[in-house]
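Q: After the sequence you'll find the predicted model.
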Amino acid sequence: MADSLTNTPQVRLLLNRAAGLDQPGGNERLKRIVHRVVTDLCRTFEEFDVTPTEFWTAMSYVTRLGQANEVGLLVPGLGIETFLDLVMDEKERRAGLQGGTPRTIEGPLYITDAPLSMGEARLDQDPEKGEVLFMEGQVRDTAGKPIPGAIVDVWHANTKGGYSFFDPSQSPYNLRRRIETDAQGRYRFRSILPSGYGCPPDGPTQQLLTGLGRHGRRPAHIHFFVEAPGFRKLTTQINISDDPYLHDDFAFATRDELIPELVRYADPAEIKARGLDAPFTTITFDFELNREAASLPEAVVVREHAKAA
Ligand code: MBD
Ligand code: FE
């Protein structure tokens, strides 16, 4: 834009001063990033002839987004959390890292300090009519060696797509557990098949998505952090493969390597052998962790989390 107002000496000076570039104090990196972001915003307003009314509509939107505690929901909805994953993937690739279970986004619904147990756990505390799920697997290094003592931190939604803590109708830590792998690196749990999540229909995230002609639905999925001393922390999810939104996730988190086969058992003898009275599903999924090395980008994402009282 040759005749851009943003490029005039007056506005350049304004943007430099606003970012503190003419001041000695403060943080250099912060100054450069703020300068870029504010400049790009002003260019956008100019290019799209954004009116003051439109601008203040957006500011009240941002205010409501924070008040509704939905910043962490809009970020994946706009593909930004997946973009951050792709940046990390690319950095690791360039650092020569190969193999390992692929990462995918954490999302906004983790809470810390879920109950810890050895080898196995039952995740569903609150009675629900959901289909029983047995999931198990092994945590291994990229050479196939089992990793005992790894922590598999798992969390997922209930049959209504709600997560405990954020959904106060559930017990604290319902469908959230930490499982330490046994001597063979194995974990297993019993739970119920989750349903997909939908953004709060009256919230600011869904409001913007609707304006974009988009839905706010996630396919059914189960989240994991997998950690072990000497290995890179893995943040990932698996998808429940029969969900109609499997490849239409509003948060863009589905990856081909993270869609394990569902094995459904309807045979009365199998059902009885598990002490159940209805068909159930099993999933086998192994996690492969990369060894930590000083040459690699930091794998641990520092992010504020809620903690149940
Ligand atoms: C979820 O369950 C989730 O995982 C993400 C990323 C966003 C909203 C709800
Ligand atoms: Fe989720």
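A: Cool, the structure landed. Ligands and ions are numbered 1, 2, ... in the order given.
Q: contacts, neighbours, all on C-alpha from now
A: Noted.
Q: For the stretch 101-250 of the chain, which residues are neighbours of ligand 1?
A: Proximity of the stretch 101-250 of the chain to ligand 1 (CA under 6 Å from any ligand atom) is limited to residues 107-108, 197.
Q: Repeat the analysis, applying 8 Å as the threshold.
A: Residues of the stretch 101-250 of the chain that fall close to ligand 1, judged by CA under 8 Å from any ligand atom: 105-109, 156-157, 161-163, 196-199, 218, 221, 223.
Q: Filter these down to the ones in strands?
A: Counting by DSSP state E, these place 156, 221, 223 in strands.
Q: Highest neighbour count among these?
A: Highest neighbour count within those, by other CA atoms under 10 Å: residue 156, with 30 neighbours.
Q: Hmm, that residue is touching residue 223, no?
A: Yes - if you go by CA atoms under 8 Å, residue 156 and residue 223 touch, sitting 6.0 Å apart.
Q: Check what pLDDT residue 306 gets.
A: Note on residue 306: pLDDT of 88.
Q: Whichever residue of the stretch 101-250 of the chain sits closest to ligand 1: neighbour count?
A: At 3.4 Å from ligand 1, residue 107 is the closest residue in the stretch 101-250 of the chain, using CA to the nearest ligand atom. Residue 107 has 19 neighbours, counted by other CA under 10 Å.
Q: For it, give me the pLDDT.
A: For residue 107, pLDDT reads 98.
Q: Please name the residues that touch it.
A: Contacts of residue 107 were listed using CA atoms under 8 Å, 6 or more residues apart in numbering, and they are 72-73, 76.
Q: among those, which are in strands?
A: Residues of the contacts of residue 107 located in strands (DSSP E): none.
Q: other SSEs contacting the helix ranked longest in the chain?
A: Of all segments of type helix in the chain, defined using DSSP state H, the longest is helix 28-47. Judged by 3 or more CA pairs under 8 Å, 6 or more residues apart in numbering; DSSP states H and E, helix 28-47 is in contact with helix 9-18.
Q: mean confidence for the longest strand belonging to the chain?
A: Ranked by number of residues, the top strand in the chain under DSSP E is strand 132-141. What strand 132-141 shows for mean pLDDT is 98.
Q: could you dump it to CSV, C-alpha only?
A: Taking C-alpha atoms only, strand 132-141 is exported to CSV below (Å, rounded to 0.1, in the frame of the first residue of the first chain):
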residue,chain,number,x,y,z
VAL,A,132,-18.2,-49.3,28.6
LEU,A,133,-14.7,-48.7,27.2
PHE,A,134,-11.6,-50.7,28.0
MET,A,135,-8.4,-49.0,26.8
GLU,A,136,-4.9,-50.3,27.2
GLY,A,137,-1.5,-50.2,25.7
GLN,A,138,2.2,-49.8,26.3
VAL,A,139,4.5,-46.8,26.6
ARG,A,140,7.7,-47.4,24.7
ASP,A,141,10.8,-45.5,23.5
